[in-house]
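> The following comprises the amino acid sequence and a computationally predicted model.
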Amino acid sequence: MTRTSNLQSPALESSASGWLNGFIGVLIFSGSLPATRVAVLEFEPLFLTVVRASLAGLLALCLLLLFKERRPSPAQLLPLGVVALGVVLGFPLLTALALQYVTSAHSIVFLGLLPLATAVFGVLRGGERPRPVFWLFSLLGSLLVVGYALSQGLTASPRGDALMLLAVLVCGLGYAEGAKLSRTLGGWQVICWALVLSLPIMAALTLFSASPDFNGISLPAWFSLGYVSLFSMLIGFVFWYRGLAQGGIAAVGQLQLLQPFFGLALAAGLLHEQVSLGMLGVTLAVILCVAGAKRWAR
């Protein structure tokens, strides 16, 4: 019994560290959509996307050089490209575009699908065989989100809702691919290398899309740009990928279920956006569906 306990102790410690790191990452990510909402009111979506990636990429390059990290192997370049397309370019750009049409509180409801998307891509990449009940909960959660969009009048913002759904899909793919890669490359190294690989293109697009005059940009918009560049694009992923690597995609990924609640609180508290009881109810129902789906994932 003593020997078994000693063998399990490192695994338990790693799991506890994974939950802690994952929780910190979720807290950081929860401010992303409200901050993007503030920034996109004064910055063009394309410029906001590429400049945040460029700033984070420069910092990531400094970190890799400072710690003299080994370069990724040729076999790791393609997965890094998937991570870059998913979380460096895809999710930031799609959400910035979506937030031109919907509020951050509205968009946060769609984040209830993010754990499900991560789980599905984790299943596809890991070769797991979930039970049929898993797919029942998955379908129910998706129907709840679509039903909510319809009840709000889909004709009012069909583009915003479609962009948010695409953002969730590409982000889930980037999370799952990055979590798998972090087991061999390292947690913070994954996002840093993905940012560095994207840096030449992002820097060029930053110069191309930059406005000739930034005098009219308010201080909150600059702070929001700084937040999504430093915290959402880099620091959050340092904790998040490390947590996924330590505790596993299926387990630590459940912490994403808290993100809509944190995000709605920020949207209401900082942006004074209206959060209806219906919006809270749908968010809670989606979270319950995702929790049920993950319960039967294996």
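Alright, I've got the coordinates.
> For Phe231, the count of nearby residues, please.
Using other CB atoms under 10 Å, Phe231 is surrounded by 19 other residues. (Each C-beta comes from the backbone N, C-alpha and C, glycine too.)
> so it makes contact with Gly31?
Yes - using CB atoms under 8 Å, Phe231 is in contact with Gly31, at 7.1 Å.
> List the residues that contact the closest residue to Ser209 other than its chain neighbours.
With sequence-adjacent residues excluded and distances taken as CB to CB, 6 or more residues apart in numbering, Ser209 is closest to Phe47, at 4.3 Å. Residues near Phe47 by CB atoms under 8 Å, 6 or more residues apart in numbering: 206, 209-211.
> Serialize those to JSON lines and add fields for secondary structure and distance to Leu66.
As requested, the contacts of Phe47 are exported to JSON lines (DSSP: H, G, I helix; E, B strand; the rest coil; distance: CB to CB, whole Å):
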{"residue": "Thr206", "secondary structure": "helix", "distance to Leu66": "23"}
{"residue": "Ser209", "secondary structure": "helix", "distance to Leu66": "30"}
{"residue": "Ala210", "secondary structure": "coil", "distance to Leu66": "28"}
{"residue": "Ser211", "secondary structure": "coil", "distance to Leu66": "32"}
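> just to revisit the earlier point, quickly find the element holding the residue nearest to Ser209.
helix 45-66 (DSSP states H and E).
> ok, now Gly25?
Per DSSP H and E: helix 2-30 holds Gly25.
> Past that helix, which element shows up next along the chain?
For helix 2-30, the following helix or strand on the C-terminal side (DSSP H and E) is helix 32-40.
> How far off centre is that following helix?
Mean-position distance between helix 32-40 and its chain equals 14 Å (CA atoms, centre = their mean, to the nearest Å).
> Measure how it sits relative to helix 45-66, angle-wise.
If you take axes from the mean of the first three to the mean of the last three CA atoms, to 10 degrees, helix 32-40 sits at 120 degrees to helix 45-66.
> CA atoms only: put helix 32-40 into CSV for me.
C-alpha atoms of helix 32-40 as CSV (Å, rounded to 0.1, in the frame of the first residue of the first chain):
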residue,chain,number,x,y,z
SER,A,32,-10.3,38.5,-23.6
LEU,A,33,-13.7,39.1,-25.1
PRO,A,34,-14.6,42.2,-23.0
ALA,A,35,-11.1,43.7,-23.8
THR,A,36,-11.5,42.9,-27.5
ARG,A,37,-14.9,44.5,-27.5
VAL,A,38,-13.4,47.7,-26.1
ALA,A,39,-10.5,47.6,-28.5
VAL,A,40,-12.4,46.8,-31.7
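> For PyMOL, write the select line for the buried members of the contacts of Phe47.
Restricted to buried positions by 16 or more other CB atoms under 10 Å, the PyMOL selection for these reads:
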select buried, resi 206+209
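> now, among the contacts of Phe47, which is nearest to Gln254?
In terms of CB to CB, no member of the contacts of Phe47 lies closer to Gln254 than Thr206, at 35.8 Å.
> how about that closest one, what does it touch?
Shown in contact with Thr206 (CB under 8 Å, 6+ apart): 47, 50-51, 54.
> The stretch 51-200 of the chain: strands as residue ranges?
Taking DSSP state E, counting those that start in this stretch, the stretch 51-200 of the chain contains no strands at all.
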